[in-house]
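**Student:** what's the 3D shape of this:
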Amino acid sequence: MYGIGKLTIDDFEVGYIEKGSFDFGGKEPESVDVEAEQVPDAPVLTLAQKNGTIEPGFNLIQLNYENMQQALGGTLVKDGEKVTGWEAPSELIDRSGRCVIDLVSGQRITIPNGKVLANLTGKLTLTEVAKISVKLKIQKPADGGAPYTVTDIPENAG
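**Tutor:** Numbers count the residues shown, from 1 in each chain. Coordinates of the predicted model:
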């Protein structure tokens, strides 16, 4: 699996993702070893405690006002129908939804219930850009199904 082709959150296609910034993150599986006095060189049993997890993270670098609102919440500023700005949220943002990552290699990663955690970051210089650092926390789906899936992208998907 390789290459981010398209990433959507609640059917909204997020903008450009900074090259090299996407990382699966997460935690390794957890277990406890049971040791016996009679067997000093290795555990006699390993008890699984938790499965490994992913916690995808990436930097969004296409900071138009609509992308800022989708990632950070807040309000779009409009002059008639034209969007002319963005206002940061004044209340706690608690946003979860379906996240779909289409890969250049032909696979699709679907996260039915991902919590979006994001903050404005980066540098304002002539060699770097401002960005939104995004983490997707994987939560148990409401239907109790798999926390994420990896499948082939359907032939007719765009």
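**Student:** give me the low-pLDDT residue ranges for the chain?
**Tutor:** Along the chain, the model assigns pLDDT under 70 to residues 156-158.
**Student:** just the helices in it please.
**Tutor:** Ranges of helices in the chain, per DSSP state H, are 65-72.
**Student:** Wait, Pro56 touches Pro147, no?
**Tutor:** No. Contact criterion C-beta atoms under 8 Å: Pro56 and Pro147 do not qualify, at 11.9 Å. Just so you know, the C-beta spots here come from the backbone N, C-alpha and C atoms, and that holds for glycine as well.
**Student:** Looking at those two, which is more packed in?
**Tutor:** Comparing Pro56 with Pro147 by neighbour count (other C-beta atoms under 10 Å), the higher total belongs to Pro56, at 21 against 15.
**Student:** The residue in the chain sticking out farthest from the centre and Val116, how far apart?
**Tutor:** Residue farthest from the centre of the chain, counting by C-alpha atoms, centre = their mean, is Gln38 at 46.6 Å. The spacing between Gln38 and Val116, counted by C-beta to C-beta, to the nearest Å, is 51 Å.
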